[in-house]
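> here is my input; please provide its structure:
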Amino acid sequence: MSCTTCDTLRAELATAERNGDRSKAVDCRVLLRRHPEHDDVPVEGKAERKAERKGEP
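Predicted coordinates for the structure are as follows:
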């Protein structure tokens, strides 16, 4: 099942990360977390995935 709100926010998040707009990326993550379907489910961005691969906290 796909949610258009989530799809839009994920696209905006990807664009913000690509453009280096950290503020917009954080905004998108917050909105995704607050979305009713996503309570307590973290939304990872490129920076978090990269840190995990390097073994950083």
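
> ok, how many other residues are close to Leu32?
Per other Cβ atoms under 10 Å, the neighbour tally for Leu32 reads 20. Placement of C-beta: from N, CA and C, glycine included.

> for stretch 23-38, C-alpha coordinates in CSV please.
Output of stretch 23-38 as CSV, limited to C-alpha atoms (Å, rounded to 0.1, in the frame of the first residue of the first chain):
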residue,chain,number,x,y,z
SER,A,23,17.2,21.9,7.0
LYS,A,24,14.6,20.7,4.4
ALA,A,25,15.7,17.1,4.9
VAL,A,26,15.2,17.3,8.6
ASP,A,27,11.8,18.9,8.0
CYS,A,28,10.8,16.0,5.7
ARG,A,29,11.9,13.4,8.2
VAL,A,30,9.9,15.1,11.0
LEU,A,31,6.8,15.2,8.8
LEU,A,32,7.2,11.5,7.9
ARG,A,33,7.6,10.6,11.5
ARG,A,34,4.5,12.6,12.5
HIS,A,35,2.5,11.0,9.7
PRO,A,36,-0.2,8.8,11.4
GLU,A,37,1.1,5.7,9.6
HIS,A,38,4.6,6.1,10.9
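
> got the buried residues for it?
Neighbour counts over stretch 23-38 (16 or more other Cβ atoms under 10 Å) mark 25, 28-29, 31-32 as buried.

> among those, which are located in helices?
25, 28-29, 31-32 (DSSP state H).

> could the residues you listed go into a markdown table alongside pLDDT and distance to Glu12?
Converted to a markdown table, those look like this (pLDDT from 0 to 100; distance: Cβ to Cβ, whole Å):
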| residue | pLDDT | distance to Glu12 |
| --- | --- | --- |
| Ala25 | 95 | 9 |
| Cys28 | 93 | 5 |
| Arg29 | 92 | 10 |
| Leu31 | 90 | 9 |
| Leu32 | 86 | 10 |
